[in-house]
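J.: curious how this folds, go ahead:
(4 chains)
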4 protein chains.
Amino acid sequence: MHFASDNSGPAHPQVMEALASANEGYAMPYGKEAAMDRVRDQIRKIFEAPQAEVYLVATGTAANSALLACMTKPWQLIYCSDVAHIEEDECGAPDFFANGARLALVDAPDALIDPDALRARIARTEQGVVHGMQRGPLSITTVTERGTVYSLDHLAQLTGIAQEFGLPVHMDGARFANAMAALGCTPAEMVQGVDALSFGGTKNGLLGVEAAVIFDPDLAWEFELRRKRGGHLFSKHRYLSAQMEAYLTDDLWLHSARMANAAAARLAGGLQQIDKVEFLHPPHANIIYAKFPRADHLRLIEAGAQFYSLGSLDGPGEEPVRARLVCDWSATAENTDRFLEILHG
Amino acid sequence: MHFASDNSGPAHPQVMEALASANEGYAMPYGKEAAMDRVRDQIRKIFEAPQAEVYLVATGTAANSALLACMTKPWQLIYCSDVAHIEEDECGAPDFFANGARLALVDAPDALIDPDALRARIARTEQGVVHGMQRGPLSITTVTERGTVYSLDHLAQLTGIAQEFGLPVHMDGARFANAMAALGCTPAEMVQGVDALSFGGTKNGLLGVEAAVIFDPDLAWEFELRRKRGGHLFSKHRYLSAQMEAYLTDDLWLHSARMANAAAARLAGGLQQIDKVEFLHPPHANIIYAKFPRADHLRLIEAGAQFYSLGSLDGPGEEPVRARLVCDWSATAENTDRFLEILHG
Amino acid sequence: MHFASDNSGPAHPQVMEALASANEGYAMPYGKEAAMDRVRDQIRKIFEAPQAEVYLVATGTAANSALLACMTKPWQLIYCSDVAHIEEDECGAPDFFANGARLALVDAPDALIDPDALRARIARTEQGVVHGMQRGPLSITTVTERGTVYSLDHLAQLTGIAQEFGLPVHMDGARFANAMAALGCTPAEMVQGVDALSFGGTKNGLLGVEAAVIFDPDLAWEFELRRKRGGHLFSKHRYLSAQMEAYLTDDLWLHSARMANAAAARLAGGLQQIDKVEFLHPPHANIIYAKFPRADHLRLIEAGAQFYSLGSLDGPGEEPVRARLVCDWSATAENTDRFLEILHG
Amino acid sequence: MHFASDNSGPAHPQVMEALASANEGYAMPYGKEAAMDRVRDQIRKIFEAPQAEVYLVATGTAANSALLACMTKPWQLIYCSDVAHIEEDECGAPDFFANGARLALVDAPDALIDPDALRARIARTEQGVVHGMQRGPLSITTVTERGTVYSLDHLAQLTGIAQEFGLPVHMDGARFANAMAALGCTPAEMVQGVDALSFGGTKNGLLGVEAAVIFDPDLAWEFELRRKRGGHLFSKHRYLSAQMEAYLTDDLWLHSARMANAAAARLAGGLQQIDKVEFLHPPHANIIYAKFPRADHLRLIEAGAQFYSLGSLDGPGEEPVRARLVCDWSATAENTDRFLEILHG
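T.: Presented below is the predicted three-dimensional model:
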């Protein structure tokens, strides 16, 4: 019963096989291997973006920070949700990579940036007045940090506002595949108006690879320098491209995401039927935020379930405590049902 | 005939097996997996340093930069050889991670820092005078960037000078195993007087793992923050610890290094007997710098040999051009002999 | 009728005289002149802090940023009010000087940090968990950016909370003298629990000098280096120390602040009697925030009054628009009364 | 007998008068005062550069660092002489302002950058290869740090090389006036091929003002932001513009420089006739580097002379010790002659 995170499950067997195959003989280092050319071509095809530049790094923090640094001057604001991963979970990596740029937090019910709040926040950034930070990029995460997924309409509103103010858009797509699977749209539809994307693989069956997809080719060379300077250029790069190639082959990325989403849907469906469970955010993809009595947390943990309890486990048993439950591609119906059974009591 | 770099060969089969084994089921993320505890214990044992803290990152640049940043204030100098990797090959990563610290280059014949030049360079850094940069750490690479290896005496002289001035010492050990194999000493002897070590695996049979070994436990928490903030903390960290564990098991790291060194020795031995070849630096480990006629470069390349020609290949055929030849653990006697045969002409 | 800012009025004649006197002959550069010793002694005496170190810079942004940088690691948060000068008016200077540290904004009705909000904000910064920014200093401004002044009790609550969590405290005292004059307390009482103070002179009759007063001597050498490295160490430093010495002589600083506060009190008193005027914040010192009809803004401006209208001057005349009115030491009763007369209509 | 530095003498009386005059009434802050418009116009006229943007800061380190930061990406090299002020005397300010850019030191006999060495150093910076730092601006100081002055030909060679490689040029003109006076050329001739100039005032009779003159208007807005963010935008900016205006009025800047140069010429002429004195560099302007016996250092110091002895004063009296002697506008023939007399013995 592993619902702690989609970063604690195994890599997909096809990825492991690809890794083994990639280990034959010698290969040019630093992304010059042939597999990287194939990855680049495939990503361009998938996103219908023949000009896009594609780079691989091993962590989402690296992808987000290096991309944002290419889009942000040190004296600019990065507009993001008030629970954005770059705000809460990267120990200030964007501030570091962007040499002291600053995040501007925007109200985001269910972690979905409110368009009016965004417009207001940008508008009140006085442009051309030297005393305040200047306007910079918009950063959008989807699947969001609370498990919701932006509708295409919502995305269009946000990117439209950015465009209105002449600001570039970054997308943190650590769970891009899960969002797409939830929407049933094309990759190109997801990135309408997006200038740079962190296209996640690690949480969806890879060992550790994220693609930085740069739709604005003017940013590409700077990204290469920032990747190197950040220590993120792999010499034995073939092991990154092999993973990403396997990920893209036969839509493994989408299949995996669909499996994770389906598992979460099964879990959410079951939770909905348990009275003592209350959802904190609508579970759109593979992450569920819910609360249920502390005693149930303890019983589940004792039974071996792994998940994050977002609150103290000391206290009255009947008091509801928040939980985060995440499914990855490897989640099984059996485990889900057992979890529900225990929780049901 | 692959002599381009020890970062272009395959990973060792035992490492690939370990990776496959590590892919079973779920594991705690971010270095909390059990394998990391074993790695830490083993490295402490190997270095006879029970207090040492051990962290894994995926690139040497990350290990060097994050370690140096923990040892260097932004207004301090990092003393290093004038051909140090941190000077020539990391696109300013140490300057970036250490927030604008500066390298102070010291004369280093054959890439071995000259003790007198080091003492003089430190001494002329006026301490306590606010106008100039202040004294900071000494960074030593061994195997050096020119293929030489410091003797233990030489190391003791350098660390002694650092100690004399109260300065910490960093060792860039991207090829630590090759250096140790060359000296036939213990790991602990290699790091006498060293405060923090980049213990390389990538160039010696891993896919991409370097251990940051911190002998001064006061630097450990800062390293953890800098690793995270630099985007170098892996969520699926088990794939790093699995590699490193395999590396340390049954001295794979030493065996691999010895194989690489032996291959290079065979190559060097052969080169020595070819009149038109001149060594540029004494080849102590698995890297050879030599020069030989341009025409031979071309013939070798045409025959499929891979190595770095450090000079233009346009020009008179008889003119000597520099070459860098590197052997990794997988180099074969057959290839070496074929290379020599072709070069011999 | 100059109410735009206390940085647009003239320097005090005594300061100009001191400057002229300081221009005799030769003087040691970089703060080694004798006047600086006298300044240091006097500030130690005034603050009853014989260990304090004192440095001069020319701008408040420099004083705040360099001090905060000495108190903040790059991965730490600086807790401050959501309208703090360091948030709104320094173009990210603290983020720059502190190498990517981040501000954490705390609710502050009337720009006075709410103690409960502060405690909650610090408490929710997870300490020792590498994913989030860590706890750093508290920064308090008084006179605040909205013209209010912290009571000593309020200050004690805030510094008490910082102490509870083991965090250092910075005070932005750009208008320290005005705050003190408003409270009628001693300097030492104002800085109870404060580790480093920006002691302002520029807004109170100097040409441009702020003292960085460091009560924790461990931070002193780092401050010297950061001052130099930031380009803020004056070679002809005597012109800074001369100003500061004149400022401290015969309590000029307090007299000037009292004059400014008195002028503002006269203005506030008059405003209170005009029905159409509404205060936005209680005016505790020399800054008044009020709103009154747009038409009156226009009439006042036409009559030559200078002040900041914080809103568009296009629109219905009867609509209230916010205004910021600031008095400096040179404000005259005559001008104040004329302003009130015009506004009264 | 004050020969320690041109930053230890008094400001020129005309400057003090201008400062007093500027202290009348109210003035717009932050460089919006009318005097700044006049300064800008005048500098444009002087440099025959109607598009130039002009900003004032208080220190040379601020001017150099903020200008260089606008011209340099963090991953670029700044080419400069191996004794450049930015290398030796700014505690890494350029590295800090340019977010970890790096200086590349070029051989410079008598502190004059050798054109061949410059070309070679730039040429060996591999452009477009991500592993190394990339090419960035050239920074030239004149009067140099050793008292020499570049000929116009020499300058043309250096700026020509920069242009050849497409690199921008910065000039550290802390003693621009002294260099110009030495050459007898026009300001425009001095800055042929220069993109940004630190035009010094502090060492030539001001209290503390340097003009950042930006010939490439594309850099202007970024400079404004960096000035603010660096804490170098003065609120009471009128005291900077007043100084600079006085400096430019009736060529005060040139008269002062000529007086300083003449004083140094008188001193150098005298030194030349003393056998035991040996010049270390040809004294082209107002700085003299010479060596003479230690005993004479001691005698001069005892007699009240102020200058920098660049070496220990403990040791055999007959041993030559280096000295730096600097004249400012206020140096008198009387003092010079007395110094020579004592030294002559």
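J.: and the gap between residue A:3 and chain B?
T.: From residue A:3 over to chain B the distance is 10 Å, taken as C-beta to the nearest C-beta, to the nearest Å. For glycine as for every other residue, the C-beta is placed from the backbone atoms N, C-alpha and C.
J.: residue A:115 now?
T.: Taking C-beta to the nearest C-beta, one finds residue A:115 at 30 Å from chain B.
J.: out of everything not next to it in sequence, what's closest to that residue?
T.: Using C-beta to C-beta, 6 or more residues apart in numbering or on different chains and skipping the chain neighbours, the partner closest in space to residue A:115 is residue A:157 (4.4 Å).
J.: same deal with residue A:20?
T.: Nearest residue to residue A:20, sequence neighbours excluded (C-beta to C-beta, 6+ apart): residue B:16, at 5.9 Å.
J.: and for that neighbour, the neighbour number?
T.: Residues lying near residue B:16 (other C-beta atoms under 10 Å in any protein chain shown) number 20.
J.: got a list of what it touches?
T.: A:19-20, A:23 (C-beta atoms under 8 Å, 6 or more residues apart in numbering or on different chains).
J.: for residue A:102, same thing?
T.: Contacts of residue A:102 were listed using C-beta under 8 Å, 6+ apart, and they are A:76-78, A:95, A:133, C:92, C:95, C:102-103.
J.: let's see which of the residues you listed end up in strands.
T.: A:77-78, C:102-103 (DSSP state E).
J.: is residue A:225 in contact with residue D:132, as I believe?
T.: No: assessed by C-beta atoms under 8 Å, residue A:225 is found out of contact with residue D:132, at 10.2 Å.
J.: of the contacts of residue B:16 - the most surrounded one?
T.: residue A:19 (25 neighbours).
J.: mind putting the contacts of residue B:16 into a markdown table with pLDDT?
T.: Shown next, in a markdown table, are the contacts of residue B:16 (pLDDT from 0 to 100):
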| residue | pLDDT |
| --- | --- |
| A:19 | 97 |
| A:20 | 97 |
| A:23 | 97 |
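J.: and of those residues, the nearest to chain B?
T.: residue A:23 (4.7 Å; C-beta to the nearest C-beta).
J.: how about the contacts of residue B:16 in CSV, adding secondary structure?
T.: Shown next, in CSV, are these (DSSP: H, G, I helix; E, B strand; the rest coil):
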residue, secondary structure
A:19, helix
A:20, helix
A:23, coil
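J.: and of the residues you listed, the nearest to chain C?
T.: Looking across the contacts of residue B:16 and measuring by C-beta to the nearest C-beta, the closest to chain C is residue A:19, at 27.4 Å.
J.: quick check, nearest of the ones in strands among the contacts of residue A:102 to chain B?
T.: Taking C-beta to the nearest C-beta as the measure, chain B sits nearest to residue C:102 out of the ones in strands among the contacts of residue A:102, at 11.1 Å.
J.: okay, the residue nearest to residue A:115 and residue A:105: tell me how far apart.
T.: 18 Å (C-beta to C-beta, to the nearest Å).
J.: with residue A:202 instead?
T.: As judged by C-beta to C-beta, residue A:202 and residue A:105 stand 26 Å apart.
J.: nearest residue to residue A:60 other than its sequence neighbours?
T.: residue A:174 (4.6 Å).
J.: which residues of the stretch 151-300 of chain A lie near chain D?
T.: Within reach of chain D by C-beta under 8 Å from any C-beta of the partner chain, the stretch 151-300 of chain A has these residues: A:222, A:224-229, A:233.
J.: got a list of what residue A:22 touches?
T.: A:35, A:238-239, A:241-242.
J.: ugh, typo on my part, it should be residue A:345
T.: Neighbours of residue A:345 in contact, by C-beta under 8 Å, 6+ apart: A:296, A:299.
J.: please, which helix or strand holds the residue nearest to residue A:20?
T.: helix B:13-22 (DSSP states H and E).
J.: same check, this time on residue A:252
T.: For residue A:252, the host element (DSSP H and E) is helix A:252-272.
J.: tell me what that helix is packed against?
T.: Packing partners of helix A:252-272 (3 or more C-beta pairs under 8 Å, 6 or more residues apart in numbering or on different chains; DSSP states H and E): helix A:176-183, strand A:278-279, strand A:287-293, strand A:320-326, helix A:333-344.
J.: what pLDDT, on average, does it get?
T.: Helix A:252-272 carries an average pLDDT of 97.
J.: domain ranges for chain A?
T.: Domains of chain A are assigned by automatic domain parsing as A:13-250, A:253-344.
J.: on that earlier part again, of the contacts of residue A:102, buried ones?
T.: Neighbour-count burial (16 or more other C-beta atoms under 10 Å in any protein chain shown) applied to the contacts of residue A:102 gives A:76-78, A:95, A:133, C:92, C:95, C:102-103.
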